[in-house]
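Enquirer: just a sequence and a predicted model for now, questions to come.
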Amino acid sequence: MKADLHVHTSYSYDSISSPQQIVKTTLEKGIDCIAICDHGKVKGAEETARAALNKPILVIPGIEIKSRQGDIVGLNIKNIIPNNLSARETILAIKKQGGLAVIPHSFGFTCSFKGDLEGLVDIVDAIEVLNANIFKKDNQKALEFSKKHNLAFTAGSDAHSPELIGRAYLEIPGQNLSIEQVLKAIKSKQVKVLGQEINIFEKGIAFLKRSWAKINHILIKKH
């Protein structure tokens with residue numbers, strides 16, 4: 001099973017991907033599983049799951065939360081977790097829902113985790129070691145950190161537009177797995193990281209699309 005565990009829908013303020021577009025592109029690219037991790041919202045995951053009904057795609061509901069120290073992804077989360085909690089409080093809130101707490105793009109140039117990451121290794125579940133939207137050297141730092149602390153790991157495109165879906169993903173043994181089976185495979189490290197970072201040109205295009213999404217989001221809110 002190919003699982004892209006970091007995808008944003010247009011319910012995120014910086015994404016242009018509708019849930020329907022995400023499902024269509026996921027099918028076209030042969031990705032079997034996606035985790036919808038919108039910023040502070042869960043409606044996008046709900047709508048994507050509806051769009052994927054009767055289709056060979058497993059949709060994992062998730063959320064990306066802005067803690068006081070940095071972003072934290074919760075996988076298998078169905079209820080909103082507020083922003084601006086401490087990182088430890090955020091992780092505990094994820095676990096209270098039975099979710100998997102992941103630190104994404106932890107060493108990213110513009111989106112790094114600002115807190116004491118080593119102080120969280122006792123409770124965090126996994127580190128995102130391949131994020132297609134950041135630089136290779138920053139992903140390498142995350143991989144080294146996960147190895148140093150014997151942590152589980154994930155991978156995802158961090159796609160904010162449909163064409164980037166599947167650029168980074170986990171390969172998980174088996175097919176037609178449940179959410180619980182996917183999370184269990186991650187925790188036991190029975191997964192393989194595949195894909196690669198997008199190039200500089202693609203990064204520029206992605207930046208423009210995220211900027212347009214932000215402007216459009218502001219305009220919609222004004223009306």
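Expert: Alright, I've got the coordinates.
Enquirer: so where is this structure shaky, pLDDT-wise?
Expert: Residue ranges of the chain with pLDDT under 70: 221-223.
Enquirer: strands along that one, start to end?
Expert: All strands of the chain, identified by DSSP state E, fall at 2-7, 33-36, 58-66, 71-75, 100-103, 126-131, 152-156, 168-171, 192-195.
Enquirer: mind putting those into CSV with distance to residue 114?
Expert: Backbone N, C-alpha and C define where each C-beta goes, glycine included. Below are these laid out as CSV (distance: least, CB to CB, whole Å):
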stretch, distance to residue 114
strand 2-7, 19
strand 33-36, 24
strand 58-66, 11
strand 71-75, 10
strand 100-103, 11
strand 126-131, 16
strand 152-156, 20
strand 168-171, 23
strand 192-195, 25
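Enquirer: can you tell me which helix in the protein is longest?
Expert: The residue-count maximum for a helix in the chain (DSSP state H) belongs to helix 200-222.
Enquirer: and residue 84, backbone torsions?
Expert: phi 70, psi 20 (degrees, to the nearest 10).
Enquirer: so it makes contact with residue 67?
Expert: Yes: using CB atoms under 8 Å, residue 84 is in contact with residue 67, at 7.3 Å.
Enquirer: please identify which of these two sits among more neighbours.
Expert: Of the pair residue 84 and residue 67, residue 67 is the one with more neighbours under other CB atoms under 10 Å, namely 23 against 10.
Enquirer: picking that back up, what would the strands of the chain look like in JSON lines with distance to residue 217 and mean neighbour count?
Expert: Converted to JSON lines, these look like this (distance: least, CB to CB, whole Å; neighbours: other CB atoms under 10 Å):
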{"stretch": "strand 2-7", "distance to residue 217": "18", "mean neighbour count": "27"}
{"stretch": "strand 33-36", "distance to residue 217": "17", "mean neighbour count": "27"}
{"stretch": "strand 58-66", "distance to residue 217": "15", "mean neighbour count": "23"}
{"stretch": "strand 71-75", "distance to residue 217": "18", "mean neighbour count": "26"}
{"stretch": "strand 100-103", "distance to residue 217": "25", "mean neighbour count": "27"}
{"stretch": "strand 126-131", "distance to residue 217": "22", "mean neighbour count": "25"}
{"stretch": "strand 152-156", "distance to residue 217": "22", "mean neighbour count": "25"}
{"stretch": "strand 168-171", "distance to residue 217": "25", "mean neighbour count": "24"}
{"stretch": "strand 192-195", "distance to residue 217": "28", "mean neighbour count": "15"}
